[in-house]
Each structure stands twice: as C-alpha cells, then as structure tokens.
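A.B. asks: sequence first, predicted model second:
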Amino acid sequence: MSLMGRRTDWLRLSRAGRAPGNEHIVIAATFTADPLVPYLGSRLVDDPVRPPALTVASYNQLIQLGLGWKADYGDRPPTAIVMLWRIEDFARADFQAVVRGGGAAGLFEKVEELAEAVAGLRGSFPGRIVCTVPPFPHSSDHAIETLGSAATIGALHRQVVDIWIRRMREIGHVGLLDLDGIQRLVGAENSLDWRKWYLYRQPYSEAFWDRIAESCASLIRSQSAAAKKCVVVDCDNTLWGGVVGEDGLAGIRLGDDFPGSVFRDFQHQLQTLRSRGIMIALCSKNNEQDVWEVFDRHDGMVLQRKDLVAHRINWLDKPGNIASLAEELNIGPDSMVFVDDSAMEIGHVGETLPMVTCIQVPDELTAFPTVFGAFRGFDSETVSAEDRGRSEMMLQERRRRDLAGALTSEEFRRQLQLRVDLFEVKAEHIARVAQLINKSNQFNLTTRRKTEGDVARLLDDPAVTMLAWRVSDRFGDYGLVGVLILKHDEEQAEIETLLMSCRVLGRGVERSVFAALCDLLRARGAKRLVGTYLKTSKNQLVAALYRDHGFRQVSPEEWVLEDFTGIGWPEEIARPGL
C-alpha cells in the first residue's frame, strides 16, 4: 500500500466515529511524533469496525510517563507504550557540550535516568513496552564541526547504544525498535526532513515514518499474535536454481556466483530461522532420490537432512501434502509459511488452505532474500531454550512414534523411561512460563492469560506457589512443558492455573503432577484443594481431569479434593524432583 493510501485509510477510519477497539497505543517521543499515527494505526487494524486507539503523549515527557503513566492514562490504560528518543533531543545541552569538546559524563547520566524511568514503567505497567535504540545523532551543531569530530560523535553514539541495550536487557521484556539500524538502512539524507524539523520539531520524512511504523507494529504484534512455527519450502527453483530431475546434480545453480548465490543466501536464512526454533520442512513434486542426492552430494548446500523436521517429496497435490505435514507436526496450518516459485502452486495452496501464509519467489531473483527477510510473521518477543530445540524435539518425537507403533501402550510407557522433574519457578523461567500460559489451549483448565510482568508479580506474592515441570525420556528432553499456579492459605489451596503442552499427553505426566502436589499440600497441613475448570472451545480435552483424579464437583465450574492420599506416583515414571 502506498504512503498516501495508508494515510487515507487511517483518516477514513478515524473520522468514521466508530468506537475504538481493545488496543490503545500511547506514543511518547522527544520530538513531534504525530506523523507516525496513520502509518502505525493502519498497520495495526484487525477490525475496521473497531480500530485501535492511538494517543500521542505530551512533547518530550518520556521520564514523566515512565514514572507516572497512570496520572494521564489511568482511566483508559494503554495496551502498549512506545517510547521514541534521540540523543540530540533528549540530552541536547549535554550532547552539544560533547560536540564542543567537553566530557560525556552528563550525557551518560541522562541516559541512565531514562533507563530508570523505563524500569519504573516496566514494574508498574502490564502491557507491551517498545523503546527505540537511538539513531546516530544529526544536528546543525555537529554538521559544521571538523571531520575529526564526526569520529568522536560516532564513538559517543556507540557508547550510548551499548549502555542503552545493556540496561534494557537488564530490565527485561522491553521491545527494542532499532531506529539506528533503520536510519542506516535508509540513509540519513532519505530519512531526515530538516524543513519539518525547524517548522514542527518533526525530524523525519513520510517514507521514514512508514518504515518506523512497520517495525513498531511488528514489535507490538509479537506479544499478542502467535509467531509462525514452520517454513515449508519447495526445492526446484526455490532451494536451488534449476530442476534437478532435468538438469542433474551438476546442472543446478547453487554456490558463490549468481544466481546460485541467491539460493544459498536463502538457505542461510532458513538456517537462522531454525536456530530460533522455526521448523523447516520440504514439500516438492520430485523424485525423492534426486532431492536427497542434492542434500548429500552438492557442495553448495547449506541445509542438511538433519535440519528438516519432515518432508513430502512426491507427485501429490501440495495442499494435501501441507495439511499432512501440519498433522504430523501437530501444528495448525495457520502456523505454516509456504515458499514456492510457482504462481500456480502458490495460488492452489492459497485457495485450498487460506490460513497458510504463501510467499512466492519473485521474478527478480536478486530480490528473493530481501522479500523473504522482510516477512515479519516469524517475529517473537522471546526465544526460549525450548523454542531453539524444537527441530530436535520433533525428530525425537518421530522416534517415539516408531517405538509406540511396535508396542502396547503400557509397554511403550515403560520403555520410554519417562522422567518428570517438578520445581518451583524462578526468575529465569519467567519468559518460558509466560509463553506457555499464552500459547496453551487444549490442556489448560482456565485459559487465564498472563504477561511476563504478571508472572513476575505472582512470584513475589507469598500467598502464591508457582510450579513448573520438565519432562524427558530415553529419546531426549521435552523441555519445560507445564505450569501450575497455586493460591493458598493455611487450610486451603486453589489451582489458579494448570496447563501443559500437548506434546507430553498420554504419558501419565498429569497424574505425576497431582501426586507431587498432594504430597506438598500434605506436608504443609492443607485440608482442601480447589480446582476450577472454565470451558472454552478448545479445552474439552481436560473436562474430566479433576473427576478422573478423585475430585468432587461442588458447582458447575468448581471441584474439591480433600483426600491427598489417593493419588499415587505412576510406577513407570522416574521422580527426581519436588
């Protein structure tokens, strides 16, 4: 969509007099940020009937907002706060002093002061926080300085960025909008608008505002929208140039020189995604032997067989193959991205499986890595150890299925050598716990969502015990797969949240959790355990969970257990933990 189109669309929505949706984004900046509103707003519209509300805070009030956001927005709390700052605006006098040969201590103090304001905001604000990495400073003062001073400003900027990123990582759960990187990519001359700066204290061109909006929307969405989990790729003219069945191993194009360099760079992109936990699968109309020959024998291949979680190499239609892959990987088609060079195949998949995101290899081949790299559907606020190990876990699951097919269910569980390790949640587990709370749907008794800030606050509550568990077996580690949040007093405990990844269902893990919980409550002298089941469209799987473990139903949603001796630890599961 053109810049004019985005502004026009947002103007039409904002003038329609519709009630705003649930999203409320507050934008605070050290400069005039009103031009960002139409570009960001148009990118965040999910429902035209109820568009998001965007509010621009008072000029250059970042510290005040961080220390007391409720004063201005307590009547309608934001869902996200975006803080945009530049060195030359936020600490103008200190920056000028450095330009003129003075020390930088005052500037560094100001940066620390702003970081403390962000820390205060993170401690009191439950929503999403996005802060910029400040761009290389440009001002009329240092424009007239010597070439030598430019190097001084560059060194200063690097120090500020290092301090800022370190402090944001210490605070945690703050999305970093790399304004510096965007400005370097676009170029200062194309991003800055000096006329608007002097007239309105608005520093950027319209095109640059749109680039900021694109990255900002992606960061805001990364908390609420589920990231894609799997890339399904074609082979011929997608992983490599040419058709291996016709051109042969020596005839395909893959290597250092164009066009093979384009395909190799694409494979490097796939490897990067795999390192972040995105699964890679093949879907190719080909002879399987020809495809594996390329993987095994071509020197230009970056991807290896072990990088793939699954494949469909046959002559069947691709929508059916992709649906089959989704079933095998236990993910929804809406978690998949399909990459192919054929407009016909892209169209067929798009029409048959509209929930699958399709990316076509562009006709201008040199644009392929850029087009794929610009796709924001893989963005995720955090990448956990479980995410990074997802591909290996899928390979382990395949070996488990092979074993299960050869044994009875009881023999299978015994030979799995399952191990359940329960422990109390610590600060280092917060990101993964919040991720599970917000992703788990089927084995989730209440489906109460929580931010990382919510989880952190619960950890500090003496009336709350938060347990998690890891599961492993002879084939490998499933990772941290379950969470239980318990609210308690001297006599009664209440299960506020109980959820588990579907990857370990049917293994007896839930019985292990209840057995450990009963032991814990018995040791504490509790007399009653209360559980709640809140029915959703997706959690029918656990409708009978409390009943099956001896709880007594006392209301449509509430169950009670008073005998803590009736649930034993399963014999086939090792118990090393709590």
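C.D. replies: Thanks, I have it. Here the structure is a predicted model, which is why all the values come from computation and not from measurement. Residues are numbered from 1 along each chain as shown.

A.B. asks: look up phi and psi at residue 54.
C.D. replies: phi -120, psi 130 (degrees, to the nearest 10).

A.B. asks: now for it: which residues touch it?
C.D. replies: 24, 25, 26, 27, 37, 40, 41 (Cβ atoms under 8 Å, 6 or more residues apart in numbering). Heads up, the C-betas are built off the backbone N, CA and C, glycines and all.

A.B. asks: could you rerun that using 7 Å?
C.D. replies: By Cβ atoms under 7 Å, 6 or more residues apart in numbering, residue 54 lies in contact with 25, 27, 37, 40, 41.

A.B. asks: what does residue 531 give?
C.D. replies: Contact analysis of residue 531 by Cβ under 7 Å, 6+ apart lists 445, 495, 546, 551, 559.

A.B. asks: okay, and the beta partners of it?
C.D. replies: Under DSSP bridges, the beta-bridge partners of residue 531 are residue 495, residue 559.

A.B. asks: state the distance from the residue nearest to residue 361 when sequence neighbours are not counted to residue 132.
C.D. replies: Using Cβ to Cβ, 6 or more residues apart in numbering and skipping residues adjacent in sequence, the residue nearest residue 361 is residue 341, 4.0 Å away. When distance is defined by Cβ to Cβ, to the nearest Å, residue 341 is 37 Å away from residue 132.

A.B. asks: which of those two has more neighbours?
C.D. replies: Neighbour tally, residue 341 and residue 132, criterion other Cβ atoms under 10 Å: the higher count belongs to residue 132, 23 against 19.

A.B. asks: mean confidence for stretch 96-112?
C.D. replies: Mean pLDDT, computed over stretch 96-112, is 91.

A.B. asks: which positions in it come out as buried?
C.D. replies: With burial defined by 16 or more other Cβ atoms under 10 Å, the residues of stretch 96-112 counted as buried are 97, 98, 99, 104, 107, 108, 110, 111.

A.B. asks: just give the closest residue to the first one, not the sequence neighbours.
C.D. replies: Excluding the flanking residues, the one nearest residue 97 by Cβ to Cβ, 6+ apart is residue 106, at 6.7 Å.

A.B. asks: thinking the residue nearest to residue 361 is in contact with residue 235, fair?
C.D. replies: No. Residue 341 is beyond contact range of residue 235, at 9.8 Å (criterion: Cβ atoms under 7 Å).

A.B. asks: domain ranges for the chain, per the record?
C.D. replies: 3-224, 230-373, 388-574 (automatic domain parsing).

A.B. asks: hmm, who's touching stretch 126-133?
C.D. replies: By Cβ under 7 Å, 6+ apart, stretch 126-133 touches 78-85, 118, 121-122, 161, 164-165, 168, 174-180, 216, 219-220, 223, 451, 453-454.

A.B. asks: go through those residues and flag which are in helices.
C.D. replies: Assigned to helices by DSSP state H, the following of the contacts of stretch 126-133 qualify: 118, 121-122, 161, 164-165, 168, 179-180, 216, 219-220, 223, 453-454.

A.B. asks: next, give me the two most distant ones among those residues.
C.D. replies: Greatest spacing in the ones in helices among the contacts of stretch 126-133, by Cβ to Cβ: 180 and 454 (31.3 Å).

A.B. asks: what is the subsequent helix or strand relative to the host helix or strand of residue 456?
C.D. replies: Applying DSSP states H and E as the criterion places residue 456 in helix 452-459. Later in the chain than helix 452-459, the nearest helix or strand by DSSP H and E is strand 464-473.

A.B. asks: strands of the stretch 351-500 of the chain, start to end?
C.D. replies: With DSSP state E, counting those that start in this stretch as the criterion, the stretch 351-500 of the chain has strands at 357-360, 418-424, 464-473, 476-488, 492-500.

A.B. asks: mind checking the SS state of the closest residue to residue 188 other than its chain neighbours?
C.D. replies: In this structure, residue 188 finds its nearest non-sequential neighbour in residue 138, 5.9 Å apart by Cβ to Cβ, 6+ apart. The local conformation at residue 138, judged by DSSP: H, G, I helix; E, B strand; the rest coil, is coil.

A.B. asks: how about the helices in the stretch 101-250 of the chain?
C.D. replies: Using DSSP state H, counting those that start in this stretch, the helices of the stretch 101-250 of the chain run over residues 105-124, 140-143, 147-171, 179-186, 188-191, 194-200, 206-224, 244-247.
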